[in-house]
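Novice: Fold the stuff below for me.
(2 chains)
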Amino acid sequence: MKNSSHKKQLILLLLIIFTIFLIPISIWLGYYKISIIDIIRIIFMSDGSPISTIIWDLRFRRILAAIIIGAILGGAGTAIQATMRNPLASPFTFGLSFAASLGVAIALLILQGGLIQRYQIYVYNPFIIAICAFIFSLIQVLIILLLAYKAGLSAGSLVLSAIAISFAYQAILYLLQYFYLNEILVSTVVFWTFGDLGRISWEELKLVSIVSIVLIIPYFIYKSIDYDLILGGDELAKSSGISPERLRIETTIIAALGTALATSFVGVIGFVCLVAPHIARLLVGGGHRYLMPTSMIMGSIILMLSDTIGRTIISPTIIPVGIMTSLLGVPILVYLLIKSGRYGYRD
Amino acid sequence: MVIEIEVKGIKLYYKSTKALDGVSLNVKNGEVLSIIGPNGAGKSTLLKVINRVLKPHMGIVLIDKKPIHNLKSIEIAKKIGYVPQRLRATGMLTVYDFVMTGRRPHINFIPTKEDEDKVYEILKNIGLLDFADRALEELSGGELQRVMIARALAGEPEVILFDEPTSNLDLRYQIEVLNLIRSLSNKGLIVIMALHDLTQAYRVSDKIIMLNSGKVIAVGSPDEVLNPELISKVYGIPVIIIKEHKIIVPLF
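Specialist: Predicted coordinates:
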């Protein structure tokens, strides 16, 4: 018992060390070669040289984005899986990502929160876009909760109907493109939905970081024992003085906020929120005290690795991280689902 | 220490069917109260009303004369432990993590050293120390039952509710669990349990309440409540009662 919690602490520590080591390595890998020594020197002392610009604005920023957004998505996936007692639940499979992306498109096109110009999206006001994304994810939260409580759908049907609704969001998105846009604009919107860490601005990164460090991450960590408790069922949670309904609603809304922020600034990044918790569970088991932080770090690592691979595999062309995570995530997920016939969540 | 629990005039409906129809009872510390009756009589519902997992449409539950609807959920949870009938284990939670959730009413942020020591002690007493790192999914029915009891005890309750604690167990575990229940009541806890097995109710209880279709049919000591006429009327099966061995045998 004592040994096993030491083992889990050790795994967590190793993952943190691995993440820290991965940062300079990810910066080092890329089309423009920079020595590791220069990288470490410039991380601690930026000098305004072109190398410093490459390191800070082209590479370090997206790595920070990968760490923060990976942590949000990993944590949100774990929290939603626990509160819904559903191994397939995640912001992605619940359609929150697609709802948010529709919100972003509407903010960009109709509310003119930004301007799309030849493969670049200029965002005038990141707040409008984030708020719009959040509103749309909240609508999806409402639909999910209604389907779960009012219609009483089982775990499997819930995910299935959420995926169906995701297609509806995509259809509306296509419709918008069909009516509003010319060819260049359509291609930029399509490009935008791929999910790319490179497009986040420092200002947007700051917004995401503050919200996650102040609200999202502490909330998920703080509720760890309640997530353990709710796995035992709603009645058990109530008998221990916790309102399962409240925990579920709060968690889903916080997860929707995280997903909305992530989606507004880097596009749809699927599978991290689904795969990271499952890998973390294989490493440290189901207790959320260790599972929650491990899932977050796992999310960061997956996103950072996918982005680095996407940047370097057919360099100088960059494969957007959304595509990379899906390509890498699908086989991992299928493997985990086959395994989870024995472990993991059961209906 | 909780001295007395009183339940007065509880009525509760599921949609239009009456689950409980004017149920009253009282139980004092050191007593074991068994709730018996056929399937659907309202046994589990009554237990869930006592710890306010379900809210009745009418009637009140009093702990030491104080109505529980004035207490915070966490306050009730500190006093009343609950052992459900079964657990659908999920999410690869270990026995240790699950038993720790029983401490939830006492935990503000994360489990302290004291919480960890308490859980360790309980796992040792219930004989679950070797299972601490096993996932709940890997356990047998009997092991799960003991884990659920350990979880309830981890909260250091003064009242403990059992929903058919022996129904999923083989003979040896049944006796083990009943002895454990007896020892809890000897320590001064109030034990309230829903039971199917009338012989077990006869042997373990200080007091029995018999329900049928949400109504109280009889309440009192085992010898008063468990008489052949009443049992055959409620269950529709004739029985013989062997008083000297406290055995109830259905005739079929």
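
Novice: Please list the residues of chain A that sit near chain B.
Specialist: Within chain A, the positions near chain B by CB under 8 Å from any CB of the partner chain are A:1, A:4, A:81-82, A:85, A:222, A:224-226, A:228-229, A:231-233, A:235-236, A:238-243, A:281, A:285-289, A:342-346. (C-beta placed from N, C-alpha, C; glycine too.)

Novice: Can you flag which of those belong to strands?
Specialist: Using DSSP state E, no member of the residues of chain A next to chain B falls in strands.

Novice: Show me how to select, in ChimeraX, the buried members of those.
Specialist: In ChimeraX, this line selects whichever of the residues of chain A next to chain B come out buried by 16 or more other CB atoms under 10 Å in any protein chain shown:
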select /A:1,4,81,82,85,224,225,226,228,229,231,232,233,235,236,238,239,240,241,242,281,285,286,287,288,289,343,344,345
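
Novice: where along chain A do the strands fall?
Specialist: Taking DSSP E as the criterion, chain A carries its strands at A:114-117, A:120-123.

Novice: Please identify the helix or strand for the most centrally placed residue in chain B.
Specialist: For chain B, the residue sitting closest to the mean C-alpha position, by CA atoms, centre = their mean, is residue B:162 at 1.6 Å. Secondary structure assignment for residue B:162, by DSSP states H and E: strand B:159-163.

Novice: Need the CA coordinates for that strand. PDB is fine.
Specialist: The C-alpha coordinates for strand B:159-163 follow below in PDB (Å, rounded to 0.1, in the frame of the first residue of the first chain):
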ATOM      1  CA  VAL B 159     -25.100   4.800  12.800                       C
ATOM      2  CA  ILE B 160     -24.500   2.200  10.100                       C
ATOM      3  CA  LEU B 161     -27.000   1.100   7.400                       C
ATOM      4  CA  PHE B 162     -26.700  -2.200   5.600                       C
ATOM      5  CA  ASP B 163     -28.700  -3.000   2.500                       C
END
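
Novice: So for whatever helix or strand comes next after it, what gets flagged as buried?
Specialist: Per DSSP H and E, the first helix or strand lying C-terminal to strand B:159-163 is helix B:171-186. Of all the residues in helix B:171-186, those buried under the rule 16+ other CB under 10 Å are B:173-174, B:176-178, B:180-181, B:184-185.

Novice: Can you lay out these as CSV showing distance to residue A:50?
Specialist: Listed next are the buried residues of helix B:171-186 as CSV, based on distance: CB to CB, whole Å:
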residue, distance to residue A:50
B:173, 74
B:174, 78
B:176, 75
B:177, 74
B:178, 79
B:180, 74
B:181, 76
B:184, 74
B:185, 79
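
Novice: quick one on the thing from earlier: least reliable of the strands of chain A going by mean pLDDT?
Specialist: Per-stretch mean pLDDT for the strands of chain A is lowest at strand A:114-117 (a mean of 52).

Novice: How far away from the center of its chain is stretch B:218-232?
Specialist: 20 Å (CA atoms, centre = their mean, to the nearest Å).

Novice: tell me which residues of it are tucked away?
Specialist: Within stretch B:218-232, the residues scored as buried using 16+ other CB under 10 Å are B:218-219, B:222, B:225-226, B:230-231.

Novice: Straight-line length of that stretch, end to end?
Specialist: Stretch B:218-232 has an end-to-end distance of 13 Å (criterion: CA to CA, to the nearest Å).

Novice: gap between residue B:11 and chain A?
Specialist: Separation of residue B:11 from chain A (CB to the nearest CB, to the nearest Å) stands at 20 Å.

Novice: Excluding sequence neighbours, find me the nearest residue to that residue.
Specialist: Leaving out its chain neighbours, the residue that sits closest to residue B:11 by CB to CB, 6 or more residues apart in numbering or on different chains is residue B:58, at 4.0 Å.

Novice: show me what contacts that neighbour?
Specialist: Residues in contact with residue B:58 (CB atoms under 8 Å, 6 or more residues apart in numbering or on different chains) are B:9-11.

Novice: What backbone torsions are found at it?
Specialist: Per-residue torsions, residue B:58: phi -150, psi 160 (degrees, to the nearest 10).

Novice: which phi and psi does the closest residue to chain B within the stretch 101-250 of chain A have?
Specialist: Here the stretch 101-250 of chain A gets closest to chain B at one residue, residue A:241, 3.3 Å apart by CB to the nearest CB. Per-residue torsions, residue A:241: phi 90, psi 10 (degrees, to the nearest 10).

Novice: show me what contacts it?
Specialist: Residues near residue A:241 by CB under 8 Å, 6+ apart: B:72-78, B:104-105.

Novice: Now do the strands in chain B.
Specialist: Shown for chain B, the strands assigned by DSSP E span residues B:4-14, B:17-28, B:32-36, B:58-63, B:66-67, B:80-83, B:159-163, B:190-194, B:207-212, B:215-220, B:239-242, B:247-250.

Novice: Residue 80: neighbouring residues, count only.
Specialist: In the absence of a named chain, this looks at chain A. The tally of other residues near residue A:80 (other CB atoms under 10 Å in any protein chain shown) stands at 29.

Novice: ah, no, chain B please
Specialist: By other CB under 10 Å, 29 other residues sit near residue B:80.

Novice: Give me the pLDDT for residue B:233.
Specialist: 92.

Novice: Quick check: closest non-adjacent residue to it.
Specialist: That would be residue B:217: by CB to CB, 6+ apart, it lies 8.0 Å from residue B:233.

Novice: do residue B:77 as well
Specialist: residue A:241 (3.3 Å).

Novice: tell me the centre residue of chain A?
Specialist: Centre of chain A computed as the mean C-alpha position; nearest residue by CA atoms, centre = their mean is residue A:73, 2.9 Å away.

Novice: Tell me who's in contact with that one.
Specialist: By CB under 8 Å, 6+ apart, the residues touching residue A:73 are A:91, A:258-259, A:262, A:269, A:272-273, A:276, A:299, A:303.

Novice: Now with 6 Å, please.
Specialist: Shown in contact with residue A:73 (CB atoms under 6 Å, 6 or more residues apart in numbering or on different chains): A:272-273, A:299.

Novice: mind listing which of those are in helices?
Specialist: Using DSSP state H, the members of the contacts of residue A:73 that fall within helices are A:272-273, A:299.

Novice: Kindly indicate which of the residues you listed lies nearest chain B.
Specialist: Distance to chain B across the ones in helices among the contacts of residue A:73 (CB to the nearest CB) is lowest for residue A:273, with 16.1 Å.

Novice: Assess the claim that residue A:109 and residue A:177 are in contact.
Specialist: No: in this structure residue A:109 lies outside contact range of residue A:177 using CB atoms under 6 Å: 8.6 Å.

Novice: between the two, what contacts are shared?
Specialist: Contacts common to residue A:109 and residue A:177, judged by CB under 6 Å, 6+ apart, are absent.

Novice: circling back: do you know which of the strands of chain B lies nearest residue A:19?
Specialist: strand B:80-83 (41.2 Å; CB to CB).

Novice: Parallel or antiparallel, list what pairs with the closest one.
Specialist: As defined by DSSP bridges, the strand partners of strand B:80-83 come to strand B:159-163 (parallel).

Novice: angle of the partner strand against strand B:4-14?
Specialist: 40 degrees (axes from the mean of the first three to the mean of the last three CA atoms, to 10 degrees).

Novice: Residues touching strand B:159-163, excluding its own?
Specialist: With CB under 6 Å, 6+ apart as the test, strand B:159-163 has contacts from B:2, B:44, B:47, B:79-85, B:152, B:189-194.

Novice: go on, stretch B:200-214?
Specialist: Outside of stretch B:200-214, the residues that reach it under the criterion CB under 6 Å, 6+ apart are B:18-21, B:25, B:31-37, B:41-42, B:178, B:195, B:217-219, B:222, B:225-226, B:234, B:246.

Novice: Next, the distance between the ends of that stretch.
Specialist: The straight-line separation of the ends of stretch B:200-214 (CA to CA) is 22 Å.

Novice: Mean confidence (pLDDT) on it, please.
Specialist: Mean pLDDT, stretch B:200-214: 95.

Novice: can you check stretch B:125-141 too?
Specialist: Averaged across stretch B:125-141, the pLDDT comes to 90.

Novice: do it and chain A meet?
Specialist: Yes: Stretch B:125-141 is in contact with chain A by CB under 6 Å from any CB of the partner chain, via B:132-133.
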